[in-house]
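Enquirer: fold the following and give me the result.
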Amino acid sequence: MALTPTHTITGKILRSDGTPSAGSLTFQPSTMIGNGARIIAAPSTVHLDHDGRFAVDLLATDAPGWTPAGWRWTVTENLPGGRPRRYFELVADLDYGDLVAVPEPTP
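Expert: Predicted coordinates:
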């Protein structure tokens with residue numbers, strides 16, 4: 001069953017020397033979310049390809065009918081030199097390089 005609406009995050013992650021990075025990114029809702037028929041709590045992991053590229057479709061954080069309101073996605077970089085977990089809102093397709101971290105939602 002497809003989740004709607006979804007948005008696509010794409011990106012290419014390079015090491016500091018310009019070569020493609022290796023590893024994965026893990027995306028997870030900041031809390032368990034649901035719409036009355038479906039619940040999402042598990043993370044989604046995407047692996048970088050040999051060029052350091054990836055693409056993943058995720059549920060929009062402003063998708064109607066999904067609760068609780070104010071939830072966000074988290075991303076954890078599982079790669080050498082990866083940044084710590086960050087929170088973000090997903091309201092349109094996104095290039096990973098343009099991801100803007102937001103504060104952790106209040107419980």
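
Enquirer: out of all residues in this structure, which is the farthest from the middle?
Expert: Note on the chain: the largest C-alpha distance from the chain mean falls to residue 17, namely 25.1 Å (C-alpha atoms, centre = their mean).

Enquirer: now it: which helix or strand?
Expert: Using DSSP states H and E, residue 17 sits within no helix or strand.

Enquirer: try residue 27
Expert: strand 24-29.

Enquirer: tell me the centre residue of the chain?
Expert: Computing the C-alpha centroid of the chain and ranking residues by C-alpha atoms, centre = their mean puts residue 27 first, at 4.0 Å.

Enquirer: measure that one to residue 12 for me?
Expert: Per C-beta to C-beta, to the nearest Å, residue 27 is found 17 Å from residue 12. From N, CA and C alone the C-beta is placed, and that goes for glycine too.

Enquirer: burial check on residue 88, number of neighbours?
Expert: 19 (other C-beta atoms under 10 Å).

Enquirer: contacts made by the lowest-mean-pLDDT helix or strand in the chain with the rest, please.
Expert: Of all regular secondary-structure elements in the chain, judged by mean pLDDT, DSSP states H and E, the least confident is strand 39-40 with a mean of 92. Counting contacts by C-beta atoms under 8 Å, 6 or more residues apart in numbering, the residues outside strand 39-40 that touch it are 3, 29, 32-34, 59.
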